[in-house]
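J.: just the structure for this:
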Amino acid sequence: MGPGDARPPSTGPVESRRSSYVRALLRALPALLILLGVCCGRLTPSVFPAVPLFTAAPLVAAPLHSLRGTVVTGAAALAAVLAVHLGLAVPGPSGEVTEAVTTAAAAVPAVLINVLVRRNDARLASARRIAEAAQRAVLPEPAARIGGLLIAARYDAAQADASIGGDLYAVQDSPHGVRLVVGDVRGKGTGAVAAVAVVIGAFREAAEQEASLEAVAQRLERALSREGVRREGPDAHEGFTTAVLAEIPHEEGAVRIVNRGHPAPLLLLPDGTLRELEAREPGLPLGMGDLALWPDRAEEWDFPPGSTLFFYTDGVSEARDARGEFYDPADRLAGRVLPTPGAVLAAVTEDVARHTGGQATDDMALLAVRRRSERS
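T.: Model (predicted):
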């Protein structure tokens, strides 16, 4: 680890403890409302009834507790109403009956709310499991070693909903070197997954067959054009995929890159120096060939032993903090010496979580490729 690794300690454990305290307080809130109702009923004049506190208890418990817990809370609130009136010896049953009926009337919808909340939670959990399974099927993790290179890949889904994102990566060894693609399909859901499958399938076939990286990019362009004809709605005309393709020859210390509207990859040298591999002639995203046509041109960069190439999607570069400032991976990684591709991905993921306060709104796909040094 170099001096550039100095970073503020992670706030993850502190935030986790704080969240645990908040959850514990919320779960205890129904009991606290009942206790407060008893105190108000015993210590305040009868013109200030405590029934609102008793009726609130089961309603608050409904989304926080199990069905059994909600029923128990409703029964406890009803018992507390009766206990307060017995303790005060209120003359006549009217006040006692009215407050007991009101509390019971609140407990019944609380039980129904609990049933609906649990049913919706189960559906959402099922949707997330299906989304994760689809993501793994379409986007398998590459091997840790391919063509003499060390590889690490990671997909982090935003937790805002269960939609499947369109971020993608793939790595393929070929007679021309190790070829890879990292991209981001416009949109979410099954349409995005279908486009991801098209891009990865076309890439794997083209990476084996095409003699140049430019030809691989054109194959992806044609595959997405065919896919767009079959899609309906706005995506049929407005769908596109940003992508960066790279080729690392087996016997050369270089990397060739074609960038189609995607964030530029970063080159992390062994001494902590960082270079942004910005395209000199950036192209339009894939799927937008109807707007303009010009030949792709691969640009070549040095890729010395011990260096790491880092590719990412805009879920990283467009992550914002509470002030609305974007996360800058080049600035955050500059000067850092990270020993493995996995360490690079872990550092960025943790740093993005700190930057956003754990409130990332877009999926992130990350890929790191390390050329081993002569000593490793």
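
J.: for the stretch 1-150 of the chain, give me the ranges with low pLDDT.
T.: Low-confidence segments of the stretch 1-150 of the chain (pLDDT under 70): 1-19, 44-49, 87-96, 128, 131-132, 135.

J.: hmm, 50 instead?
T.: Along the stretch 1-150 of the chain, segments meeting pLDDT under 50 span 1-14, 89-94.

J.: can you tell me which helix in this structure is longest?
T.: Using DSSP state H, we find that the single longest helix of the chain is helix 94-138.

J.: for whichever strand or helix holds Arg222, which outside residues touch it?
T.: Here Arg222 sits within helix 213-230, counting by DSSP states H and E. With contact meaning Cβ atoms under 8 Å, 6 or more residues apart in numbering, helix 213-230 is reached by 179, 181, 194-195, 198-199, 201-203, 205-207, 210, 235-237, 239-241, 243, 245-247, 256-258, 260, 283, 286-287, 289, 295-298. Backbone N, C-alpha and C define where each C-beta goes, glycine included.

J.: isn't Gly272 up against Pro339?
T.: No: in this structure Gly272 lies outside contact range of Pro339 using Cβ atoms under 8 Å: 11.9 Å.

J.: who has more neighbours out of these two?
T.: The neighbour count for Gly272 versus Pro339, taken as other Cβ atoms under 10 Å, is higher for Gly272 (16 against 13).

J.: quickly find the element holding the more buried one.
T.: Using DSSP H and E, Gly272 falls outside every helix and strand.

J.: ok, now Arg275?
T.: Following DSSP H and E, one finds Arg275 within strand 274-276.

J.: report all helices and strands that that strand contacts.
T.: Applying 3 or more Cβ pairs under 8 Å, 6 or more residues apart in numbering; DSSP states H and E, one finds that strand 274-276 contacts strand 266-268, helix 329-333.

J.: report the rounded mean pLDDT for the last one.
T.: Mean pLDDT, helix 329-333: 94.

J.: can you show me the helices along the stretch 201-350 of the chain?
T.: 213-230, 235-238, 314-317, 329-333, 341-356 (DSSP state H, counting those that start in this stretch).

J.: buried sites along the first one?
T.: Of the residues in helix 213-230, those buried by neighbour count under the rule 16 or more other Cβ atoms under 10 Å are Leu213, Glu214, Val216, Ala217, Gln218, Arg219, Leu220, Glu221, Ala223, Leu224, Glu227, Gly228.

J.: which of these sits closest to Val111?
T.: Nearest to Val111 among the buried residues of helix 213-230: Glu227, at 48.5 Å, using Cβ to Cβ.

J.: buried subset of the contacts of helix 213-230, written for ChimeraX?
T.: Selecting only the buried entries of the contacts of helix 213-230 in ChimeraX, with 16+ other Cβ under 10 Å as the criterion:
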select :179,181,194,195,198,199,202,203,206,207,210,235,239,240,241,243,245,246,247,256,257,258,260,283,286,287,289,296,298
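
J.: in strands, which of the contacts of helix 213-230 appear?
T.: Using DSSP state E, Arg179, Val181, Thr241, Ala243, Leu245, Ala246, Glu247, Arg256, Ile257, Val258, Arg260 are the members of the contacts of helix 213-230 that sit in strands.

J.: of all those, which two lie farthest apart?
T.: So, those by Cβ to Cβ: farthest apart are Thr241 and Arg256, at 19.9 Å.

J.: from the ones in strands among the contacts of helix 213-230, pick the one nearest Arg27.
T.: Within these, proximity to Arg27 (Cβ to Cβ) peaks at Thr241, which comes in at 44.8 Å.

J.: any idea how far Ala360 is from that closest one?
T.: Per Cβ to Cβ, to the nearest Å, Thr241 is found 21 Å from Ala360.

J.: swap in Arg297?
T.: 34 Å.

J.: give me the neighbour count for Pro140.
T.: Count around Pro140 with other Cβ under 10 Å applied: 11.

J.: same check, this time on Val84
T.: Neighbour count for Val84, taken as other Cβ under 10 Å: 23.

J.: surely it is in a helix?
T.: Yes: checked against DSSP: H, G, I helix; E, B strand; the rest coil, Val84 lies within a helix.

J.: low-scoring stretches of the stretch 201-350 of the chain, by residue?
T.: 237.

J.: hmm, 90 instead?
T.: The model of the stretch 201-350 of the chain has pLDDT under 90 over residues 224-240, 251-252, 280-284, 286-297, 315, 318, 320-324.
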